[in-house]
Structures are given as structure tokens and as C-alpha cells.
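In: sharing a model prediction with you, sequence too.
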Amino acid sequence: MNKEQDSANSSVDSLQMRQFDDKQLEYVNNGAKLQTGKQKTMTISLIRNKKIVEDIYEYYKGSDMQQEEKLRLLQKVYNDDVIEHNADSKQEKKTEIVLPRFYKIFHETIPIFYPNTPCLLFWKGWVGLVILFFFYEIPIYISFGKEVWEFTPEWAKVLIAVVAFLTFSFDMCLEFHTAYYSHGNLVIDRVKIGHRYLQTRFLFDLIATVALLIRSIIQTYNERWLYIFFYLKYPSLIRISFQFGEIVMLHRRIRTIFQIAKVLIVLQFVFIVYACIWYLACLYATNKGYNSWLTHEGNFGAISELTQIQKFFYSYYFSVGTTTTTMGYGDMQPLNIFEVLVGMGGILFAVLIFAVMVNIIFKILEEYAIYDIKRYQQRLIINRYMMIKDVPQNLRERVRQYLNEHWYQEGNRDIQGEQEIIGELAPELKAELQLASCGKILLQIPLFCINFSRGFLRELSSIIQEMNYAEYEMIFLGQDPQFLDDQSIYFINLGSVSIFPNNFNKQLQLKKLGKGEYFGEYTFLTGFQRKASAQALQYSQLYKISRENFLITLAKFNEDYEKYWMIKDKIEFQKDFSAIGQCYTCESTTHYSTDCDVTHIVVDPIKLIVFNKDTQNRIKFKRKEKKKWQTFVRIECFKREGVIINQQIGMGWDIELKLKDIEKNQEHLDDDEFKKFQNILKTNFDSYTNQYKVKEGLQGMDQAFQFTNYFTENNYDNQSEFINTQAQMKQPARLSIIRNKQVSQQRSRQPSSQE
């Protein structure tokens, strides 16, 4: 009774607490839907107060207070907290109304842009080109003045200025909404993104944009040196260059072109800057009254009389000749001390930059050719080995063709280096990398992505192995005991595979599989023998998971382990192949392709019976209930009855002997008296015989039945065990009595004849 009462009280308490939770704490459970920081803080506080309410409830649950008073107290504690947070939320709403409208647009309407997306990269490429244009144009504008653009229409100048200003302004706004990576983790918090941009490049971008705006508005030549501040955009240009370098890193030719292009861009900038310095030195010497390169009538005449754009091209010509060959062609030469100093400085700088640039270009070309050099050395090694070992020519050619195909497909991959670098990653980051690289294969196989958990797939992705097969190479043979098979499942990443029967008839193709398909799932799940064989039709790259490693990993996840055995039992006992796919021929999920009745002879017993119409007429009859025999008890009874029967049989033989003696002694009796006495003995003998009838073996235990339709040969009329033993036992006694009577009659006749 006490237990029932306690359980009833606990059920009532849980019901009351459930009602209290449902009515009063409903939106606390939905706190994960809130977005702002203030709302998240409120949610955490409410959840904590919910815990306090539950603790108070547990405390008062064992007291003598009434249920209504308990509930009223709990509601008061909770309502006070809700009123407090409602006041905070109202204050927050008032604060949000004061904020400007663009704040809401930027922080709620504009989404977060992820780095390295195609649209963002296209935009950054455009920004980089605009920055490079002004990097080249500003030195020319400072040195040669605005007359250098005299061939350009005025509307084009305005358009260039407006487009540049809008580009840099929009790019600054975009930086506040672009996520970034920190220690391998993607940061998408707007506050952190904005704080990082303000601490790093915001001031540089702002000064550069303002400098460009001043140039567009004022357009005075005296303040032209302010435009140098635009070079504060250099960190942004380096960042853009790094992003594009990461993209083209995996493409050998494009990477080489990109690296050479960067070298040429730097050289071009050096040429322009030196040309501007050379022109300013010549202009300064001319103003001081020296004989200058500008006023000297050389091969090109007096350069000072030409237009500004022509002056720039001649200066650029001298710069290229000096900084590249360190000597030029001699058609242009310095004529005063200032020009000589600038020329010497240019030559010294050209020696340094020329050596550096040549070395960089050499490294780029060497890196481009290092793959071919490495493969050439490997070919040389394997050919020398086969020549020393006297390998047959046919096998040599096969080895060469396989290596050529393998290296062509592999490209410039370094598998050993890949594993070393992956091993240096943090465990969590390494698991994510393996899941992103190899785990996507598991997501393409319905057998794994539908039936197993993501945690198991993450663990399973670490045991995926990459295998390469040459053209017409066997992957596995179903009934060949000499072919080692680890019962793996295979996923085709490159190439094609042929599935054929186990009779080694490769011409009979069951299915041709291509990229993105998988095979070997039946043996992988059940552990049974392969139902078919597989062969690579061309050079193929496969990913495989061995069954042994799969089961070892599966043992760590209990729910997935149970799901696996459920799938295996369905395939083995119910012939349900829906988990592993459809039949290749008829697309059914009730059988495998090697057992398809469309292409194979499959005998259906039910259809065969119906077709033959082999029916048997049935007759209804009432069955008798089977009687249960107590075998051991009856054996003991039979033993005791056997002893008694033996005793009675002995008494019967004694009676027979007595009858014989009586017949001898009573020969003088007449026939009527003899008959009366004989009838008395016969009656006694029959009663003894019927009462103590001998039953041999287990014949007496059988229950006699009379069958009319089936098994008539077992009826008791046809069995020797059920013959009338009573009549058989009476017959010898009668015969002996008759025989004795006949003997006595003969003896009585003999004396009469003698008389």
C-alpha cells in the first residue's frame, strides 16, 4: 500500500510540474530560436531560474503544504523573474528605435559572405585590377601632371573617378560582412569581423579612399603628393594576390603563369617608377640651367618640345634599357651631374633587381619542370631494374604502360607527403578534413547515409583506403580460392568496372559501373561468398572499406551495431535487398541480380504445385484425443504384475498336474460325475487365465484403433498383437481335457473286451 501511495503521489507531482512547465515556461524551452546577444542572455537567465524553480519544487514537495499553496509560491517566483526580463526587453526595444535605420539594414538584411566563394573572388579580382591601375597611374600623374591624360575625354576621367570611388567604398562595406578564418575555424560573428577589420586594414583603406576622393574633387597639381597615400592599399592588394594564389595552386600551368605575371607586374612598376624619377631629375637639371637630356637634340630631337605622353614613353624607354640590361643602347645618355647620379643609382638597383628577378623566373620554370624531371628519374630507375633482372619484354611494356597511366591520373600528387601533413593537424580538424574528403563518398552511398549515424560515418571515413587498378585487372573473383578477398565494399572515383558471373565467363557482363557507383555490398554486409566477380575495364581509382575494419569501428557504436544486424538479418532470412540496392536486371529489391528470374531459371515450388494440380481429396473425421501414458509408472506396474502372473501360471500348471492325477485315480468314476468335475476345473482355470493374461513387451501398451481411410494395415484386426489371446489360451486346456477323456475311455474299454 505504501509503495502504491508513493507512486500515486509521484505521478501527481510529475503531472503538476508538467502542467506548470507547459503553461509558465513554454518560451524558455524555445530559447534557442533567439538571435540577439541580449535575448540569449535572457534565455540563459530564464533557464537558470527554471532550475531554481525546480529545486524549490523538490524542496516543498516533501512538506505538509497544500498543493495549491505550493503551485502559487512557484508561480510567484517565476512571474517575478519574467516581469524583470520583460522590463529589460522593453528597454532594449527603446534603444533599438534610437539606432539609425542603416544599422538594421547592414546587420540584419545583408548576409555574411564566406571567403573564397566565386562571386566574392570575382569582386576581389576587380578591386585588384583597379588598385593596380592607380598604382601605375599615380607616379605618372605626379611626375608628368594631368596633361598626360590630355588625349582622354573629360567624361571618361569622371567615369573612372566615380567607378574607383564606388568600388573602394563598397569594398570597405563588404569587409564588415565577410567571414574570416582564425586558427582553422571560420568566424561569422559580425562583431568579431568588424573588430578585426577596424584593427587591421580599415584605416589604410579609409586614407587611400579619401586621397582618391581629394584628387577627384580638388584636381590641383600642388597637392599631388597627397596621392602617395593611396599606396596604403598595398596590404589589400597582397591579400587579394594570396587568395588567387591559393586557387591556382593545384593547377601547374596556371600557377606558373600566375607567378610569372606577378614578376612582370613588379618589373613594370619598377620601370614606371624609375622612368618618373629620371624625368624629374632631368626636369630639375633643366630648371637649374644645366644641359639636359630633355633639351639635347639627339636621335629623337629636343624631347622637351614634345607632349607629356611622349616624354613619358621616352623616359620609360630609358628606364627599361637601364634597369634590364644595365647599359641601354647608348642612344640616350645622361648629360649632367643629376642625370649621372640617377643613372648610377638605376644601374646599381638594376643589378640587384635583375639578379633577383632572373632567379625568381628560374625557380618558377624549375618548379614547373620538376614533375617531369621526377618522373623521368623514376622511369630510369624501374627500367634499369627490369634490365638487370632480365624481365621479359612483354612484362616490361605492361609495367611501363601502367606507370604512365598511373602517373598521368595522379598528376603531381605526393601521397606520402599528404599523409605527413595531415598527421600534423589537430585531431578535430583532421577528422573534419577526412570527413570532407573521404566522407562525401559515404554520403553518396544510401546504405551508409540512411542507416548509420553521422558520428559513425565520421569515424568510418578515417579507414577508407584508396586503390588503383590497371586496365583489365581483376578486383575480386567470386569462386577462386586462390584469390585473396577481404570482403570489401568499393566506390568508383575514376574509371569503369565490369561485373560478371562467377563462371569466369567475362564476356557475359551483368553490369557496367562508372564513376559515382559502388559494388561488393552483399558480401560486405553478410560475410557470404561473392555472388559475382569484378574487373576494371580501364585504369580505375577506387575507394574501399574492408569488412574487418568496418566491424571493428562498428563495435564502438551500439545503435549502429544493432542497425547493421537488422539489415543483415533482413537480407539473410527475409531476402529483403532494399538496403543494398535493386537488381541490375529488373530493379527489384526481393532478390539479387544473380538470382533474377528474368535472366536465370528459378523454380518456384508454389507455382509448380499449382500448375500440376496435384490435389488430394480429404475426408473429414473425428479424431480421438491422444492419451498420455505414464511410462515409468506403468513399467513398475508391469514388473509387479509379471511376478504375480508368473505365480498364477505356476498355480495353473499345478492344477493341470492335479487334473492328471485325478484322471488316473478316478478312472472308475462314471462319465456324468467326471464331466461335472471337469466343468468345475475348467471354469476355475478360465477365470485364472482371463484375470492374469500374459502381455509380451509393449504390446499391451498399444491402444487399438480402427482406421477406415488411411493406414488400414495398422488396424488391430490385421495385427498379430491384437489376436484373441484368451481363446488361444483356452484351446490347449480343452485339448488336454479331451485327450485325457479319450485315454480314460480307452482304458475302460480294454477290461470289458478282455472279459
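Out: Good, I have the coordinates. In this text the structure is predicted, and so the values were computed from the model without any measurement.

In: domain parsing for the chain?
Out: 2-98, 103-250, 251-382, 421-605, 644-754 (automatic domain parsing).

In: can you flag the weakest of those by average pLDDT?
Out: Lowest mean pLDDT within those: domain 2-98, a mean of 45.

In: quick one: residues contacting residue 508.
Out: 500-501 (CB atoms under 8 Å, 6 or more residues apart in numbering). In short, each C-beta sits where N, CA and C put it, glycine included.

In: helix, strand, or coil at it?
Out: coil (DSSP: H, G, I helix; E, B strand; the rest coil).

In: spatially nearest residue to residue 194, not counting backbone neighbours?
Out: Spatial nearest neighbour of residue 194, excluding adjacent residues (CB to CB, 6 or more residues apart in numbering): residue 176 at 5.0 Å.

In: what's the spacing between the one you found and residue 113?
Out: Separation of residue 176 from residue 113 (CB to CB, to the nearest Å) stands at 10 Å.

In: follow-up on the earlier one: contacting residues around the residue nearest to residue 194?
Out: Counted by CB under 8 Å, 6+ apart, residue 176 has contacts 106, 190, 193-194, 197.

In: so what's the residue count around residue 127?
Out: 20 (other CB atoms under 10 Å).

In: how close does it sit to residue 113?
Out: Residue 127 is 14 Å from residue 113, by CB to CB.

In: so where do the strands sit in this structure?
Out: 180-182, 185-187, 465-469, 474-476, 489-494, 497-500, 511-513, 518-519, 533-536, 540-545 (DSSP state E).

In: which elements pack onto the last one?
Out: Using 3 or more CB pairs under 8 Å, 6 or more residues apart in numbering; DSSP states H and E, the elements in contact with strand 540-545 are strand 465-469, strand 489-494.

In: what's the neighbour count on the closest residue to residue 439 other than its chain neighbours?
Out: Computed as CB to CB, 6+ apart, the closest residue to residue 439 that is not its neighbour in sequence is residue 461, at 3.9 Å. By the criterion of other CB under 10 Å, residue 461 has 23 neighbours.

In: residue 461 reaches residue 434, doesn't it?
Out: Yes: at 4.8 Å, residue 461 and residue 434 qualify as touching, with contact defined as CB atoms under 8 Å.

In: any idea which of the strands of the chain gets closest to residue 235?
Out: strand 180-182 (14.3 Å; CB to CB).

In: show me what the closest one is packed up against.
Out: By 3+ CB pairs under 8 Å, 6+ apart, strand 180-182 packs against strand 185-187.

In: can you name the residues in contact with the strand it packs on?
Out: By CB under 8 Å, 6+ apart, strand 185-187 touches 114, 179-181, 193, 196.

In: and if we set it to 6 Å?
Out: The contact list for strand 185-187 (CB atoms under 6 Å, 6 or more residues apart in numbering) reads 179-180.

In: repeat for stretch 551-562
Out: Contacts of stretch 551-562 (CB under 6 Å, 6+ apart): 452-453, 456, 459-460, 564.

In: in helices, which of these fall?
Out: Counting by DSSP state H, the part of these found in helices is 456, 459-460, 564.

In: possible to save those residues as JSON lines with neighbour count and distance to residue 471?
Out: Listed next are the ones in helices among the contacts of stretch 551-562 as JSON lines, based on neighbours: other CB atoms under 10 Å; distance: CB to CB, whole Å:
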{"residue": "456", "neighbour count": "21", "distance to residue 471": "35"}
{"residue": "459", "neighbour count": "19", "distance to residue 471": "35"}
{"residue": "460", "neighbour count": "23", "distance to residue 471": "30"}
{"residue": "564", "neighbour count": "19", "distance to residue 471": "35"}
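
In: from the residues you listed, pick the one nearest residue 225.
Out: residue 459 (63.5 Å).

In: now do the helices in the stretch 101-250 of the chain.
Out: 101-104, 118-144, 154-175, 190-200, 202-218, 234-247 (DSSP state H, counting those that start in this stretch).

In: okay if I get these as a markdown table plus distance to residue 422?
Out: Below are those laid out as a markdown table (distance: least, CB to CB, whole Å):
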| stretch | distance to residue 422 |
| --- | --- |
| helix 101-104 | 44 |
| helix 118-144 | 26 |
| helix 154-175 | 32 |
| helix 190-200 | 28 |
| helix 202-218 | 36 |
| helix 234-247 | 18 |
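
In: quick one, which of these gets closest to residue 228.
Out: Using CB to CB, the helices of the stretch 101-250 of the chain put helix 118-144 closest to residue 228, at 7.1 Å.

In: now the closest one: buried residues?
Out: 123-124, 127-128, 130-132, 134-144 (16 or more other CB atoms under 10 Å).

In: buried sites along stretch 471-487?
Out: 475-478, 485, 487.

In: what do you get for stretch 515-529?
Out: Quick answer for stretch 515-529 (16+ other CB under 10 Å): 517-526.

In: skip the chain neighbours and tell me the closest residue to residue 386.
Out: Nearest to residue 386 is residue 396, by CB to CB, 6+ apart, at 5.0 Å.

In: can you list the helices and strands that the biggest helix by length in the chain packs against?
Out: Ranked by number of residues, the top helix in the chain under DSSP H is helix 337-388. Helix 337-388 sits against helix 252-287, helix 308-325, with contacts defined as 3 or more CB pairs under 6 Å, 6 or more residues apart in numbering; DSSP states H and E.

In: can you spell out which helices and strands pack onto the first one?
Out: It stands for helix 252-287. helix 118-144, helix 308-325, helix 337-388.

In: buried stuff in it?
Out: Across helix 252-287, burial judged by 16+ other CB under 10 Å covers 252, 255-256, 258-259, 267, 270-283, 285-286.

In: look up phi and psi at residue 288.
Out: Here is the backbone geometry of residue 288 (degrees, to the nearest 10): phi -80, psi 0.

In: what is the burial count for it?
Out: 11.

In: chain neighbours aside, what residue packs nearest to it?
Out: Using CB to CB, 6+ apart, the closest residue to residue 288 is residue 338 (7.9 Å).

In: pretty sure that neighbour is touching residue 281, no?
Out: Yes: between residue 338 and residue 281 a contact is recorded at 4.9 Å, counting by CB atoms under 6 Å.

In: which ones are touching residue 212?
Out: Neighbouring residues of residue 212 by CB under 6 Å, 6+ apart: residue 230.

In: from residue 443, how far off is it?
Out: Taking CB to CB, one finds residue 212 at 49 Å from residue 443.

In: could the helices and strands packed on strand 540-545 go into JSON lines alongside mean neighbour count and distance to residue 373?
Out: Listed next are the helices and strands packed on strand 540-545 as JSON lines, based on neighbours: other CB atoms under 10 Å; distance: least, CB to CB, whole Å:
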{"stretch": "strand 465-469", "mean neighbour count": "15", "distance to residue 373": "23"}
{"stretch": "strand 489-494", "mean neighbour count": "19", "distance to residue 373": "26"}
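
In: can I get those strands in TSV with distance to residue 316?
Out: Shown next, in TSV, are these (distance: least, CB to CB, whole Å):
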stretch	distance to residue 316
strand 465-469	54
strand 489-494	51
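
In: closest to residue 154 out of those strands?
Out: Once those are compared by CB to CB, strand 489-494 is nearest, at 58.8 Å.

In: sheet partners, orientation included, of the closest one?
Out: Sheet pairing of strand 489-494 (DSSP bridges) gives strand 518-519 (antiparallel), strand 540-545 (antiparallel).

In: show residues contacting it.
Out: Residues outside strand 489-494 that contact it (CB under 6 Å, 6+ apart): 441, 513, 515, 517-521, 524, 541-545.

In: out of these, which is nearest to residue 576?
Out: Looking across the contacts of strand 489-494 and measuring by CB to CB, the closest to residue 576 is residue 521, at 13.7 Å.
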